[in-house]
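Student: Quick one: sequence plus predicted model below, questions after.
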Amino acid sequence: MNILYFIDLLGTMVFAISGALTAFDKKLDIFGISAVAFITALGGGTLRDVLLGSTPVSWMQNLNYLFMILIGISIAILFRQAVQKLRKTFFLFDTIGIAVFTILGLQKALDFGVSPIIGIMMGMISAVFGGVIRDIVCNEIPLIFRKEIYALTCIAGGIVFILLDFWAVEQFLNILITAGFIVSFRVLAVRYHWELPLLS
Amino acid sequence: MNILYFIDLLGTMVFAISGALTAFDKKLDIFGISAVAFITALGGGTLRDVLLGSTPVSWMQNLNYLFMILIGISIAILFRQAVQKLRKTFFLFDTIGIAVFTILGLQKALDFGVSPIIGIMMGMISAVFGGVIRDIVCNEIPLIFRKEIYALTCIAGGIVFILLDFWAVEQFLNILITAGFIVSFRVLAVRYHWELPLLS
Amino acid sequence: MNILYFIDLLGTMVFAISGALTAFDKKLDIFGISAVAFITALGGGTLRDVLLGSTPVSWMQNLNYLFMILIGISIAILFRQAVQKLRKTFFLFDTIGIAVFTILGLQKALDFGVSPIIGIMMGMISAVFGGVIRDIVCNEIPLIFRKEIYALTCIAGGIVFILLDFWAVEQFLNILITAGFIVSFRVLAVRYHWELPLLS
């Protein structure tokens, strides 16, 4: 499906930009910033592929992902100030990216014959573990373990997708509904400060 | 072997509880605590499977492990105070879990045709690397790199298993002896404060 | 090629020594120091193998690597003072090791049918990610993300190799030139303090 592939590429670029922006705070050199951008953009899908046994992992088989990341890094370095001011626009792209990563990750997992529950986990991992690995590399406790219901949104989206699929909703419509659900849920969650309770 | 499988499931639950207990100190939300519990319970076996090339990794092919982890997380959250008081009981279950993880990890590795030395390493990795990855995610230097002869116990147990297997001891007896050895060794090590020297 | 294999083994030992030396500063016990030495020596190649799907990963199939690491750990512990004084000699071995790791990693990746750009990345990952994983485990932001043009050297070396290969330079000559290039580049970089700009 062309539109999904296009958003997947765009989402990869947005993730690379957000990775680079995080890395700026860590006093890294250009290589370090690029490495963090790569890890943020590719980490989730890579972990999914490695756990499933889909190797060589997907970004090795399609150079477009690397090119999008290089573009993302260039944008982050050259237009840093501007990008940081456009956080709202970025937030939207980021959220659309997460929705598509979740759906594509889920579909790929199901192609490997795992159960729907595992598929939902793999969708979530594809979408959020790039950020988790980024935080680990940058020596922080992963943000999504502490704040934001980011991962839960992906899990809820995955459940929606599986249910609609079970009820024989046509795939393209299912993708539209699921993506719409994930984006709305996340926008509302941030708008109204939905948060999971801290336990400590 | 039914009893091994049963202890494996129980050990997974105990590891999930211990992961959740560690996570409580880190001011995480419910998702974060669950993620740390999953990583603690599944990390070692996952690393073993990925290194061996046994994919999709084992917990993707048997949902019982996930259910045991969810039960473990629920217990840890609902009965936190009680669980923390039962540390001694937990220590015993944890130790039996380690013994079984070591043996099952070792056997699985040997099934992939690696040498006994590698098998012993894989047994140890199955048993202790969940905790290592948990500590890395929680932004700490892994506990077992600093304290407790946890990993050494698993390596010693693996050597016992390989030797008895070499001397044609019947498998079930071998498992009993090895598990007994690991449990005794660990109980004695904690009781008498056996520690490796710090080098610094 | 015998000479490459020999240097690969020697490089593995040198990496293990450098891992152990880093670990001394972290107040670890002997197991912890050994674990960090293993991770430093094997981490890069392991990540490459896992991403490519070359499993069981390579060091499981040839015990000589483990033996070289054990020798490296013993040297580091027994002759710690002497080794720390010989940093210049070590630096040279380390650099030769990096050159060989880059070339072997690149060749292995190409054997898996990936494109030259991915091959260059895999060469670099083989050479430097052991150190990256070491730093993550030791709870530090990876050194090569902040300082030294270590990784860039490997990337440049990979490009040289691919270009010479494209121009049909005979393989052994190509290896000599590429290794010479990497070693010279790194020696000059350290001698004249070539560094990438910090961005923050």
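Tutor: Received it, and whenever you're ready, just let me know what you need.

Student: quick one: contacts for A:Leu173?
Tutor: A:Leu173 makes contact with A:Leu164, according to Cβ atoms under 8 Å, 6 or more residues apart in numbering or on different chains. For the C-beta atoms, the positions are set from N, CA and C on the backbone; glycine is no exception.

Student: Look up how far A:Ile155 lies from it.
Tutor: As for A:Leu173, its distance to A:Ile155 is 21 Å (criterion: Cβ to Cβ, to the nearest Å).

Student: ok, now A:Gly45?
Tutor: 17 Å.

Student: Neighbour count: those two, which is higher?
Tutor: A:Gly45 (27 against 18; other Cβ atoms under 10 Å in any protein chain shown).

Student: Got phi/psi on the nearest residue to the more buried one once chain neighbours are set aside?
Tutor: Once flanking residues are discounted, A:Gly45 sits nearest to A:Ser126: 5.2 Å by Cβ to Cβ, 6 or more residues apart in numbering or on different chains. Main-chain torsions, A:Ser126, degrees, to the nearest 10: phi -60, psi -40.

Student: Give me every residue in chain A lying close to chain B.
Tutor: For chain A, the residues in contact with chain B (Cβ under 8 Å from any Cβ of the partner chain) are A:50-53, A:112-115, A:117-118, A:132, A:136, A:139-142, A:144-147, A:149, A:151-152, A:195-200.

Student: filter those to the buried ones?
Tutor: A:50-53, A:112, A:114-115, A:118, A:132, A:136, A:141-142, A:144-147, A:149, A:151-152, A:196, A:199 (16 or more other Cβ atoms under 10 Å in any protein chain shown).

Student: where's the residue nearest the centre of chain A relative to C:Pro142, distance?
Tutor: Residue closest to the mean C-alpha point of chain A, counted by Cα atoms, centre = their mean, is A:Ala127 at 3.1 Å. For A:Ala127, the distance to C:Pro142 equals 24 Å [Cβ to Cβ].

Student: top helix in chain A by residue count?
Tutor: Counting by DSSP state H, the longest helix found in chain A is helix A:87-111.

Student: which other helices and strands contact it?
Tutor: With contacts taken as 3 or more Cβ pairs under 8 Å, 6 or more residues apart in numbering or on different chains; DSSP states H and E, helix A:87-111 sits against helix A:2-24, helix A:30-52, helix A:116-137, helix A:150-166, helix A:171-191.

Student: give me the low-pLDDT residue ranges for chain A?
Tutor: In the predicted model, chain A carries pLDDT under 70 at residues A:1, A:148, A:198-200.

Student: Chain C contacts on that one?
Tutor: So chain A meets chain C at A:23-33, A:35-36, A:46, A:50, A:53, A:55-57, A:60-61, A:63, A:66, A:77, A:136-139 (Cβ under 8 Å from any Cβ).

Student: Show me which of those are buried.
Tutor: Neighbour-count burial (16+ other Cβ under 10 Å) applied to the residues of chain A next to chain C gives A:23-24, A:26, A:28-33, A:35-36, A:46, A:50, A:53, A:55-57, A:60, A:66, A:77, A:136-138.

Student: now the helices and strands packed on helix A:87-111 as CSV including distance to B:Val83?
Tutor: Converted to CSV, these look like this (distance: least, Cβ to Cβ, whole Å):
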stretch, distance to B:Val83
helix A:2-24, 36
helix A:30-52, 29
helix A:116-137, 25
helix A:150-166, 25
helix A:171-191, 31
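
Student: Among the ones you listed, which comes closest to C:Val187?
Tutor: helix A:30-52 (18.8 Å; Cβ to Cβ).

Student: Just want the angle from the closest one to helix A:150-166.
Tutor: On the basis of axes from the mean of the first three to the mean of the last three Cα atoms, to 10 degrees, helix A:30-52 is oriented at 40 degrees to helix A:150-166.

Student: which element follows helix A:30-52 toward the C-terminus?
Tutor: As assigned by DSSP states H and E, the chain's next helix or strand after helix A:30-52 is helix A:64-78.

Student: between that next one and helix C:116-137, how big is the angle?
Tutor: Using the same axes, to 10 degrees, one finds that helix A:64-78 and helix C:116-137 are set 60 degrees apart in direction.

Student: ok now helix A:64-78, how far from the chain's centre?
Tutor: On the basis of Cα atoms, centre = their mean, to the nearest Å, helix A:64-78 sits 16 Å off its chain's mean C-alpha point.

Student: That one packs against which elements?
Tutor: So helix A:64-78, by 3+ Cβ pairs under 8 Å, 6+ apart, packs with helix A:2-24, helix A:30-52.

Student: Deepest-packed of these, please.
Tutor: Compared across the helices and strands packed on helix A:64-78, helix A:30-52 shows the largest average neighbour count, a mean of 25 (mean count of other Cβ atoms under 10 Å in any protein chain shown).

Student: what packs against that helix?
Tutor: Contact here means 3+ Cβ pairs under 8 Å, 6+ apart; on that basis helix A:30-52 packs against helix A:2-24, helix A:64-78, helix A:87-111, helix A:116-137, helix B:30-52, helix C:30-52, helix C:150-166.

Student: Mind checking the ones you listed for the one nearest to C:Phe6?
Tutor: helix C:30-52 (15.7 Å).

Student: quick one on the thing from earlier: could you tell me which residues within the longest helix of chain A count as buried?
Tutor: Taking 16+ other Cβ under 10 Å as the criterion, helix A:87-111 shows A:90, A:93-110 as buried.

Student: Just give me how far it sits from the chain centre.
Tutor: Worked out by Cα atoms, centre = their mean, helix A:87-111 lies 5 Å from the chain centre.

Student: got it, and stretch A:21-30?
Tutor: Per Cα atoms, centre = their mean, the centroid offset for stretch A:21-30 relative to its chain is 20 Å.

Student: Tell me which residues are up against that stretch.
Tutor: Stretch A:21-30 has contacts (Cβ under 8 Å, 6+ apart) with A:32-33, A:36-37, A:40, A:76-77, A:80, A:83-84, A:134, A:138, C:141, C:145-147, C:195-200.

Student: My guess is A:Ile39 contacts A:Gly130. True?
Tutor: Yes: look at A:Ile39 against A:Gly130 with Cβ atoms under 8 Å: they come within range, at 6.7 Å.

Student: okay, and the common contacts of these two?
Tutor: Common neighbours of A:Ile39 and A:Gly130, using Cβ under 8 Å, 6+ apart, are A:Gly19.
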